[in-house]
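A.B. asks: Just a sequence and a predicted model for now, questions to come.
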Amino acid sequence: MAGLIKREDIDEVRQRTDIKEVVDGYVTLKGAGLGTYKGLCPFHDERSPSFTVRPQVGRYHCFGCGEDGDVIAFVQKQDHTSFHEAVEKLAARIGYELRYEDGGTGPNREEVGKRQRLLDAHKIADEFFRAQLLTSGAAEGRNFLFGRGFDRAASEQFGVGYAPQGWDALLKHLRGRGFTDQELKLTGMFSEGNRGIYDRFRGRLIWPIRDIAGDTIGFGARKLYEDDQGPKYLNTPETTLYKKSQVLYGIDLAKRSIAKDRQLVVVEGYTDVMACHLAGIPTAVATCGTAFGTEHIKIARRLLSDDGTGGEVIFTFDGDAAGQKAALRAFEEDQRFTAQTYVAVEPTGADPCDLRQSRGDAAVRDLIATRRPLFEFAIKATLRRHNLDTVEGRVAALRESAPVVAQIRDAGIRPAYARELAGWLGMSVEDVSRAVGVAMKRAAAGGPAAPGTPAGAPGQMASPPAGSAQAGGPGVAAGPTSGAVPSYQRPDPRDPVASMERQALEVALQESALLGGGIWERFAAARFVTPAFQAVHDAMRASGPGLIGEPLRWVEQVMHEVPEPLRPLVSELAVVPLPASTAEAVQKYCKDILSRLFELQITRVKADKMGQLQRLDPAANPEDFQRLNRELMMLEMERRALRSDA
C-alpha cells in the first residue's frame with residue numbers, strides 16, 4: 001500500500017532536478033543576466049517576459065502575475081497533478097527511486113493518477129500503431145505514404161502508425177497491458193456499443209498528437225479503404241488530456257526551431273506538417289480539426305517570446321473560398337500578436353504536401369518565402385466582395401476596408417496601406433485617409449474596428465496591466481503580489497534605505513555562500529528598518545547558517561520560516577536578476593552590497609554612540625567618555641576598512 005513520500009526524498013528530487021530543463025519544456029527561456037532566465041509566463045497572458053527562473057536557487061517567479069514556486073510546484077500547475085504525482089514524475093525523470101513512509105512502496109497501477117494512466121495508455125497505443133505499420137496488413141497505408149512522398153524514415157520521424165482492420169486489436173493489446181475497460185473509455189480511443197467497447201480507429205493511418213512536452217495525448221486517423229463509411233479524417237474526441245482548441249500537431253517537433261528562428265508556420269493537415277519539415281520548414285504545425293484560436297495563440301506567443309522584438313506567424317491556406325474565410329478568421333486574432341502575421345497562399349490551390357510532391361522541396365520553401373502581410377490579404381479579400389467598376393461599389397468597399405486598415409498596429413505602415421488602398425479603389429488618398437481616421441476613432445471609442453471583429457479585440461493588449469513588471473520596473477512587486485502581503489506595507493522602491501536593504505536580501509538569498517565565516521555573524525546582527533525586509537531577515541536568522549552553502553535548501557528553509565504572506569516576496573528576491581554579467585562581476589557586486597549594508601549598520605551604531613557622547617559630562621564620567629571615544633574610533637576604522645575592501 002502506498003504511503004507518504006519521505007521528506008528527505010522530496011528534498012533530494014528538488015535538489016537534483018534542473019528547474020530550467022523542466023520549464024524549457026513549456027516556455028522559451030532566454031538569458032537575463034548571469035544564472036537567470038526569462039520568458040513569457042505560462043500562467044497568464046502577457047506581452048513582455050516577466051517569468052523569471054533562477055536555477056541556482058531552484059525557483060521561478062513571475063513579476064507580472066505573482067506566480068512563484070519550485071520545480072515541483074511548476075509541474076503541479078502545468079500538468080494539473082497533485083503534489084504526490086508531481087514528485088513521482090520528477091523522480092522518474094531523473095531516475096531516482098522514492099521511498100515511502102510506513103513501509104509503503106509507492107502507488108501501484110490502480111493508484112496512479114488518472115492523468116498518468118491515460119498518458120501510459122496513449123504511449124502504449126502509440127507504440128502499437130507504429131509497430132502495425134510494418135506488418136503485411138498495412139500495405140495500403142505504406143502505399144498511401146509513399147504516394148505522397150514519405151518514405152519509412154519520414155514515417156518514423158513523425159511516429160506515423162496503422163490501426164489494423166477489425167474491431168478489437170488495440171483493445172486486446174491494452175487489456176493485456178493491465179488497463180480496465182473503465183480506464184479505456186476515458187482515453188477516446190474506443191467507441192461503445194451494445195456489446196461493450198471497441199476500437200475507434202480501424203483500417204486507418206494514424207498520426208500521434210503530442211503536447212508540447214512530447215507526451216502523446218490523442219490521435220488523428222486517415223481513412224484508406226473505400227468501404228470505410230467514416231469521415232476522411234477522424235480525431236480523438238475531447239478528453240481530459242486532449243482539448244483540440246489547445247493542441248497544435250507537430251508542436252513537440254517544432255518548438256525548438258520556432259524559438260530559434262522566431263517563426264511559426266500554421267498549415268492545415270498532418271501531411272502538410274510532414275512536408276514542410278522535410279522540405280526545410282521545421283517551424284510548421286497544424287491545428288487539429290478547429291480554427292487557429294486564442295489558446296493556440298498563447299502557445300505560439302510563448303514559443304516566439306512574442307515581446308515586440310520581432311518574429312512572424314505565417315498562415316497557409318487553400319486559395320478557395322474556405323481558405324480565404326480561414327485567413328480572415330486568423331486576421332481577427334492578429335492583434336493578439338506583436339509578431340508580424342502573414343499569409344501564404346498557393347495560386348493553384350495546392351497545399352504544402354501536394355506542392356512538395358509535384359514540384360519538390362524548393363517549391364514549399366518558396367511558398368513560405370513569398371508570404372504576404374495578413375492585413376494586405378484581408379484588405380484585398382474585402383475589396384473582392386464589391387463591384388469596383390461602380391461609384392456605389394467603391395464607396396461600399398471603402399466603408400468596409402477602412403476599418404481593416406485602421407487595425408494595422410504599426411503607425412508607420414498604416415499610412416502606406418491607406419495610400420495603397422486609395423490606388424486599388426481609384427480614390428483620393430485624402431478621402432481614404434479620412435475614412436481610416438474615422439474608423440480608428442470609432443475603434444478607440446469601443447466600437448468594432450472592422451466588420452466581424454470581436455468588440456474590444458484590437459489594442460486590448462497594447463499596454464501592460466497596472467502593477468505589472470513593465471509598469472513597476474524590475475524587482476517591484478506586481479498587483480497580485482502586493483495583495484499577497486496584506487499585513488506588511490509594501491516597501492517604497494524610491495526609498496534609498498529600503499532599496500539597499502532589498503539588494504542585501506537578494507544577495508543573501510541568491511549568493512548565500514558569501515555569508516560564510518565571520519560574514520554571517522555580521523549579517524545576522526544587522527538591523528533592517530523596513531518591516532517586510534526585517535521579517536525576511538528574521539526568517540534567515542531563524543534558518544541559521546547551516547544551509548547557506550546549499551542555495552536550494554537555504555531558500556526553501558527561509559520560505560518555511562518567513563510569515564506566509566511574505567513568501568511571494570522571498571520568491572521574488574530569490575530570482576530577480578542581479579545587475580552583473582560575469583561571475584567576477586557578480587562576486588564584486590555582492591560584496592559591495594554587503595559592505596554597504598555593514599557600513600550602514602556602523603553608521604547607525606556610530607550615531608547612537610555619538611548621541612550618548614554628547615549627552616555625557618566628560619568631567620563627571622571620564623571613563624565612559626574615553627570608552628565611547630575608543631569605540632567610535634574603532635567603528636570608524638572598521639568603516640574605512642570596509643570601503644577599502646570594496
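C.D. replies: In hand now; what should we look at?
A.B. asks: low-confidence ranges in the stretch 101-250 of the chain?
C.D. replies: Scanning the stretch 101-250 of the chain for pLDDT under 70 picks out 102-113.
A.B. asks: all helices for it, in order.
C.D. replies: Shown for the stretch 101-250 of the chain, the helices assigned by DSSP state H, counting those that start in this stretch span residues 114-132, 139-147, 152-157, 169-176, 181-185.
A.B. asks: how about the fourth one: buried residues?
C.D. replies: This points to helix 169-176. 169-171, 173-174 (16 or more other Cβ atoms under 10 Å). Where you see a C-beta, it was placed from the backbone N, CA and C, and this is true even at glycine.
A.B. asks: Looking at those residues, which is nearest residue 311?
C.D. replies: residue 170 (40.4 Å; Cβ to Cβ).
A.B. asks: pretty sure that closest one contacts residue 161?
C.D. replies: No. Contact criterion Cβ atoms under 8 Å: residue 170 and residue 161 do not qualify, at 10.4 Å.
A.B. asks: Which residues are in contact with each of those two?
C.D. replies: 128-129 (Cβ atoms under 8 Å, 6 or more residues apart in numbering).
A.B. asks: about what we covered before: hey, which of the helices of the stretch 101-250 of the chain is tucked in deepest?
C.D. replies: Among these, the stretch with the highest mean neighbour count (mean count of other Cβ atoms under 10 Å) is helix 114-132, at a mean of 19.
A.B. asks: Who are the packing partners of it?
C.D. replies: helix 83-94, strand 161-163, helix 169-176, helix 181-185, strand 204-210, strand 216-223 (3 or more Cβ pairs under 8 Å, 6 or more residues apart in numbering; DSSP states H and E).
A.B. asks: what's in contact with that helix?
C.D. replies: So helix 114-132 is contacted by 79-81, 85, 89, 109, 112, 138, 156, 159-164, 169-170, 173-174, 177, 179, 183-184, 186-187, 189, 206, 208, 215-219, 239-241 (Cβ under 8 Å, 6+ apart).
A.B. asks: which helix of the chain spans the most residues?
C.D. replies: In the chain, taking DSSP state H as the definition, the longest helix is helix 583-615.
A.B. asks: I'd like the average pLDDT over it.
C.D. replies: Helix 583-615 shows a mean pLDDT of 79.
A.B. asks: rewinding a little: is it possible to mark the buried ones in the contacts of helix 114-132?
C.D. replies: Buried among the contacts of helix 114-132 (16+ other Cβ under 10 Å): 79, 81, 85, 89, 112, 138, 159-164, 169-170, 173-174, 179, 183-184, 186-187, 189, 206, 208, 215-219, 239, 241.
A.B. asks: hang on, the earlier thing: among the buried residues of helix 169-176, find me the one that's closest to residue 414.
C.D. replies: residue 170 (54.6 Å).
A.B. asks: For that closest one, give me its contacts.
C.D. replies: Applying Cβ under 8 Å, 6+ apart, we find residue 170 in contact with 125, 128-129, 163-164, 189-190, 199, 201.
A.B. asks: returning to what we had before: in the longest helix of the chain, which of the residues would be classed as buried?
C.D. replies: Quick answer for helix 583-615 (16+ other Cβ under 10 Å): 586, 589-591, 593-602, 605-606, 609, 613.
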